[in-house]
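[1] the following block contains a protein sequence and its predicted model.
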Amino acid sequence: SLQYVTKNKNAVVNTITDLGRDIFKNVRRDKEGKPLNPSVTIPKYPKSAANYDLSGDQWADTAVGLYRSLKNKFGGERIYLYTFDWRLSPDELADDLHNYLENVKKETGATKLDVAACSMGAMITTAYIDKYGADIFDTVAFLSGAHNGGHIVGSAFRGDLTIDGNALGDFLVAKTNGFVKLLLSIINALGITKKLASFVNDAITTYKDQIYGDFLRECFATAYGLWALIPDAEFDAAYDFFFKGVENEYKTATTEIKKIREFVFSTEEIMDKLHAAGVKVSYVSHYNAKQLPIYSKSNYHGDGVLETDCTSNGATVATYGATLSAAQMADSKYVSPDKVINAATCKYPNETWFVKNAKHVGCKDGSQHTEFAIWLLTSDTQPTFNAKYPQFMNVDANENFIGF
């Protein structure tokens, strides 16, 4: 079957692009940014946590695990969960968050709010600050924050997709258990994963225009929230790659994306505005997870979704499996015990924590990692490193702290 696939690349690529369009058919938007299926919406939680049953397993992990833990610890009357449509522009998302927070203030009578900005929620928070200021916040904790985007998004949007066959096999084996793990181990040992990766890489090179024109551009050209996740150093290359030669077809999109570019390039200024307002701000970045090996920077440390240098506002991070050089550890005050990270280059090194082995966002309900996030959110003063929560921490599979 591998020989058949190799001999029929064009047919296989056509099948893949058709399948991709079908998979994303319910979330795709047209060239004007209008949903192709308006009936598809995301769950919204406009009321406090007291109004929702959070007993199911789906509420046990990541940001919603923190949500449930907060409800269990403090009662649900003043705990809220904001959800969003990732296809909307930063400007639209800022307005949506503004309306949500105003409703929270109205229902609770609060004048100041504490916010856990998780993953893409960090980008939305910075968009809000850019448009409405930071006066509403008492505390903001950025947990695996995407306010600096992610290299994986930038790579996907500028055609930098290269599959590492050896790394992909190891990645898949590490992510599975039981019989599937055994089967993948055998497939990997036989070299089949490497051969498939070679085929896919060749197909990407040969059919890049078709893959982007027939699938990725059609599905994501007007997914504006994703454009806001492209790091500024990669933004212009992504724009040129995505729209070169088709600007007239995507006039609405290109106009909007140029506005998004201004927002992306002003992130540092926006964060300074947040700090200058006297808000208690903290950042939590995770590392020691392998990134999906489909792009050139997949050897970076990350949390399985975003890279550590992005979520930490610029930490110096060794490549996966290596340690920092002697020159990179010059300022030892900020070097992790395993010599993988130097936080001295972070924009806010004294407000940035690192948790080894924690997955994206983390916050398993009831874990010590979640207790740490709650401490950041509820501290009466600006949180600082201490004996209980030093700058560098390590967690086990249950997200409880262990030593290095």
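    Yes, it's here. Fair warning: this is a prediction, and the values are worked out from it, not measured in the lab.
[2] Ile294 contacts Thr162, doesn't it?
    Yes - here Ile294 reaches Thr162: they are 7.1 Å apart, a contact under Cβ atoms under 8 Å. The way it works is simple: take the backbone N, C-alpha and C, and place the C-beta from them, glycine included.
[3] higher neighbour count, those two?
    Neighbours per residue (other Cβ atoms under 10 Å) separate Ile294 from Thr162, with Ile294 holding more: 21 against 16.
[4] check what pLDDT that one gets.
    Ile294 is assigned a pLDDT of 78 by the prediction.
[5] that one belongs to a strand?
    No - counting by DSSP: H, G, I helix; E, B strand; the rest coil, Ile294 is located in no strand; its state is coil.
[6] how close does it get to Ser312?
    According to Cβ to Cβ, to the nearest Å, Ile294 and Ser312 sit 23 Å apart.
[7] please apply the same query to Val305.
    14 Å.
[8] who has more neighbours, the two?
    With other Cβ under 10 Å as the criterion, Val305 and Ser312 differ in neighbour count, and Ser312 comes out ahead with 31 against 19.
[9] now the more buried one. Nearest residue, chain neighbours left out?
    The spatially closest residue to Ser312, leaving aside those adjacent along the chain, is Ser285, at 3.7 Å (Cβ to Cβ, 6 or more residues apart in numbering).
[10] what helices or strands is whichever strand or helix holds that neighbour leaning on?
    Counting by DSSP states H and E, the element that carries Ser285 is strand 280-287. Using 3 or more Cβ pairs under 8 Å, 6 or more residues apart in numbering; DSSP states H and E, the elements in contact with strand 280-287 are strand 137-143, helix 308-311, strand 352-356, helix 368-378.
[11] direction included, what does that strand pair up with?
    strand 137-143 (parallel), strand 352-356 (parallel) (DSSP bridges).
[12] just the C-alphas of it, formatted as CSV.
    In CSV, the C-alpha atoms belonging to strand 280-287 read as follows (Å, rounded to 0.1, in the frame of the first residue of the first chain):
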residue,chain,number,x,y,z
LYS,A,280,-0.4,42.3,39.8
VAL,A,281,0.9,40.3,36.8
SER,A,282,2.5,36.9,36.6
TYR,A,283,3.5,34.5,33.8
VAL,A,284,3.7,30.7,33.9
SER,A,285,5.5,28.9,31.2
HIS,A,286,5.9,25.2,30.8
TYR,A,287,8.7,23.1,29.2
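[13] now do the strands in the stretch 101-250 of the chain.
    Secondary structure of the stretch 101-250 of the chain, counting by DSSP state E, counting those that start in this stretch: strands at 113-118, 137-143.
[14] centre of the chain versus the lengthiest helix in the chain, how much separation?
    With residue count as the measure and DSSP state H as the assignment, the chain has helix 90-108 as its longest helix. Distance of helix 90-108 from the chain centroid (Cα atoms, centre = their mean, to the nearest Å) equals 22 Å.
[15] relative orientation of that helix and strand 113-118 in degrees?
    Following axes from the mean of the first three to the mean of the last three Cα atoms, to 10 degrees, one obtains 140 degrees for the angle between helix 90-108 and strand 113-118.
[16] once you drop chain neighbours, what's closest to Gly75?
    Nearest in space to Gly75, with sequence neighbours left out and distances taken as Cβ to Cβ, 6+ apart, is Ala50 at 6.9 Å.
[17] and for Val104?
    With Cβ to Cβ, 6+ apart as the criterion, Val104 has its nearest non-adjacent residue at 5.3 Å, and that residue is Tyr80.
[18] ok, now Tyr132?
    His98 (5.5 Å).
[19] correct me, but the one you found touches Gly133?
    No - between His98 and Gly133 there is no contact under Cβ under 8 Å: 10.4 Å.
[20] okay, Ala387: pLDDT?
    According to the per-residue confidence, Ala387 scores 96 in pLDDT.
[21] that one and Phe401, how far apart?
    For Ala387, the distance to Phe401 equals 12 Å [Cβ to Cβ].
[22] ok, those two, which is more surrounded?
    Residue environment comparison for Ala387 versus Phe401 gives the larger neighbour count to Phe401, 17 against 5, counting by other Cβ under 10 Å.
[23] is the more buried one in a bridge, and if so with what?
    Per DSSP bridges, the residues bridged to Phe401 are Val395.
[24] any idea how far it is from Ser379?
    Phe401 sits 18 Å away from Ser379, taking Cβ to Cβ as the criterion.
[25] okay, stretch 344-361 in CSV with CA atoms only?
    Listed in CSV are the C-alpha atoms of stretch 344-361, where the atom choice follows Å, rounded to 0.1, in the frame of the first residue of the first chain:
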residue,chain,number,x,y,z
ALA,A,344,17.3,36.5,32.4
THR,A,345,16.2,37.4,28.8
CYS,A,346,12.5,37.3,29.7
LYS,A,347,10.8,40.7,29.4
TYR,A,348,9.7,40.3,33.0
PRO,A,349,12.1,37.8,34.5
ASN,A,350,11.0,38.5,38.1
GLU,A,351,7.4,37.7,37.4
THR,A,352,7.9,34.6,35.3
TRP,A,353,7.7,31.0,36.6
PHE,A,354,8.6,27.8,34.8
VAL,A,355,7.0,24.4,35.4
LYS,A,356,8.8,21.4,34.0
ASN,A,357,6.7,18.5,32.6
ALA,A,358,3.4,20.4,32.9
LYS,A,359,1.3,20.2,29.8
HIS,A,360,-0.3,23.1,28.0
VAL,A,361,-2.1,25.3,30.6
